[in-house]
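S.K.: Sequence first, predicted model second:
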Amino acid sequence: MRLFIFLFIVILLEVYSFQLVRTLSRGHWWKWIYLAVSVLAIINVILQFTWLNPDRSQFSTVRDFSVTFMLALLALKSVFILFMLGEDIYRLIEGVINSLSRKREPDQTFFQGRRDFIAKVGLAVAALPFGAILYGAWRGKYDYQVREYELSFDDLPEAFDGYKITQLSDIHVGSFDDKEEVKYAVDLANKQQSDLILFTGDLVNNVATEMEGWEAIFGSLTAPDGVYSVLGNHDYGDYAQWESKEAKAANMQQLYKIQKDMGWRLLLDENEKITRGSDSINIVGVQNWGGGRFPKYGDLEKASAGLTNEEFKILLSHDPTHWDLQVKGDDRKYHLTLSGHTHGMQFGIEIPGFIKLSPAWFVYKKWAGVYKEANQFLNVNRGFGFLGYSGRAGIWPEITVITLKKNLS
């Protein structure tokens, strides 16, 4: 159903944009070149995900280029259409007002001149997202950013004042095409010299075999108190075709083993205590629990078994919608929840302290960065990897470093 809705929207855009191009071309032949490129781009993407390249779990140069080019075209057309639609609406209102006031309308030369000017401005502005998407696929997807936050708590145990945590999320290893760039990012994460590394799900796109050849790189992640992880919605193999239930279950066991062999402690609705002398904090890991159409495997009650309301807790929960729907209202009080999942849609505009915009805003209330409510914090990591669109533009891949501080005021 989602595919049909997407195709319907794309077709509407194509019909309207072609009418605009046909009008602006004034009978020139290049409008047919435009139409051919647009139609072939759409057909190619459909074929890349069906007949030509049905296995979506592994990287494919042709498929990723096809998706990137179509998204760049859609971005260009969408911005251009907004300009021209505004001109059409303005012209309609202007015509109605002139008709009601019996005022003589300007001749068509005036309208055509204004329309040509707006079209040129629209194309110039539309070239920005078009170029950004292409750049994001070329360089942006490996432009790793370290984001640092200092979070203060009244009831943080004293021994953990200054405790550093590195959070990674949404690796999506099957999408990568450059091991050196990924190794650089893993080394960058280790250079933060955090006390603990926490991974909040989506290690793979669909199947455990994507990790073949990557175990040594991600197994090199190290911290004094270890590496803890949870599962994301993609880790369960729900988006792949399986010969049997047994094959899917075997894939799940293989992913468990891979994480264990890398030295990661995978928390499956479990919690573990980290101690410093007589003080301690608790790492709580819940399986994926998502709002809307996403699966709800997690059991927060089970994950928190044995913990009191007063103990300091850090919750790993892949999907940030879990925080609003269950976590922040729980009496146990989860001081800090770490999530990912949204990727920030891998596209947007961010200027720290000034602006943070992304299409993710239309889908998620909390889609990137730190949020605070009821003396509890949520951090939504923008993701380490990428999926679908093989790039990042404006919303860069992220390594989060959080320092816990005791509030002394």
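M.R.: That came through, no problem.
S.K.: for the stretch 301-409 of the chain, what spans make up the strands?
M.R.: Secondary structure of the stretch 301-409 of the chain (DSSP state E, counting those that start in this stretch): strands at 313-316, 336-339, 349-351, 355-357, 369-373, 376-380, 398-406.
S.K.: which residue is nearest the middle of the chain?
M.R.: Among the residues of the chain, the one closest to the centroid is His343, at 1.4 Å (CA atoms, centre = their mean).
S.K.: Was I right to think that residue contacts Tyr389?
M.R.: No. Using CB atoms under 8 Å as the test, His343 is too far from Tyr389 to be in contact (9.1 Å). The C-beta positions use only the backbone N, C-alpha and C, and glycine is treated the same way.
S.K.: where do the strands sit along this protein?
M.R.: 145-153, 163-168, 196-199, 227-229, 264-266, 270-276, 279-285, 313-316, 336-339, 349-351, 355-357, 369-373, 376-380, 398-406 (DSSP state E).
S.K.: what's next to the fourth one, contact-wise?
M.R.: Outside strand 227-229, the residues within contact range by CB atoms under 8 Å, 6 or more residues apart in numbering are 196-201, 203, 221, 259, 262-267, 272, 283, 285, 316.
S.K.: In PyMOL, how would I select the buried members of those residues?
M.R.: Command for PyMOL that selects the buried part of the contacts of strand 227-229, burial taken from 16 or more other CB atoms under 10 Å:
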select buried, resi 196+197+198+199+200+201+203+221+259+262+264+266+267+283+285+316
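S.K.: any low-confidence regions in the protein?
M.R.: In the predicted model, the chain carries pLDDT under 70 at residues 1-4, 6-7, 23-24, 26-27, 44-63, 102-112, 409.
S.K.: want to try TSV for the strands of the stretch 301-409 of the chain, with distance to Gln145 as columns?
M.R.: Formatted as TSV, the strands of the stretch 301-409 of the chain follow (distance: least, CB to CB, whole Å):
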stretch	distance to Gln145
strand 313-316	21
strand 336-339	17
strand 349-351	10
strand 355-357	14
strand 369-373	12
strand 376-380	14
strand 398-406	6
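S.K.: got a list of contacts for stretch 141-154?
M.R.: 178, 181-182, 184-185, 188, 192, 312, 335-336, 369-370, 375, 377, 379, 384, 386, 390-392, 396-407.
S.K.: buried stuff in it?
M.R.: Neighbour-count burial for stretch 141-154 flags Lys141, Tyr142, Tyr144, Arg147, Leu151, Phe153 (criterion: 16+ other CB under 10 Å).
S.K.: do the same with stretch 398-407
M.R.: Neighbour-count burial for stretch 398-407, counted by 16+ other CB under 10 Å, picks out Glu398, Ile399, Thr400, Val401, Ile402, Thr403, Leu404, Lys406.
S.K.: With stretch 185-195 instead?
M.R.: Ala185, Val186, Ala189, Gln192, Ser194, Asp195.
S.K.: what's the longest helix seen in the chain packed up against?
M.R.: Longest helix of the chain, by residue count under DSSP state H: helix 61-100. Using 3 or more CB pairs under 8 Å, 6 or more residues apart in numbering; DSSP states H and E, the elements in contact with helix 61-100 are helix 2-25, helix 30-48, helix 108-138.
S.K.: would JSON lines of those helices with mean neighbour count and distance to Phe80 be doable?
M.R.: Formatted as JSON lines, the helices and strands packed on helix 61-100 follow (neighbours: other CB atoms under 10 Å; distance: least, CB to CB, whole Å):
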{"stretch": "helix 2-25", "mean neighbour count": "14", "distance to Phe80": "7"}
{"stretch": "helix 30-48", "mean neighbour count": "15", "distance to Phe80": "11"}
{"stretch": "helix 108-138", "mean neighbour count": "16", "distance to Phe80": "4"}
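S.K.: and of the ones you listed, who's closest to Lys164?
M.R.: Nearest of the helices and strands packed on helix 61-100 to Lys164, taken as CB to CB: helix 108-138 at 29.9 Å.
S.K.: hang on, Asp155 packs against Lys313?
M.R.: No. Counting by CB under 8 Å, Asp155 stays clear of Lys313, with 10.6 Å between them.
S.K.: just to revisit the earlier point, right, so of the helices and strands packed on helix 61-100, which gets closest to Ser78?
M.R.: Ser78 sits nearest to helix 2-25 of all the helices and strands packed on helix 61-100, at 6.7 Å, using CB to CB.
S.K.: residues making contact with that closest one?
M.R.: So helix 2-25 is in contact with 31, 34-35, 38-39, 42, 74, 77-78, 80-81, 84-85, 115-116, 119, going by CB under 8 Å, 6+ apart.
S.K.: hang on, the earlier thing: setting the sequence-adjacent residues aside, check what's closest to the residue nearest to the centre of the chain.
M.R.: What sits nearest to His343 in space, not counting adjacent residues and going by CB to CB, 6 or more residues apart in numbering, is Gly383, at 4.3 Å.
S.K.: got a list of what the one you found touches?
M.R.: With the criterion set at CB under 8 Å, 6+ apart, Gly383 makes contact with Ser169, Asp170, His172, Asp202, Gly340, Thr342, His343, Gly344, Gln346, Pro397, Glu398.
S.K.: what's the burial count for the fifth one?
M.R.: With neighbours defined by other CB atoms under 10 Å, the count for Gly340 comes to 31.
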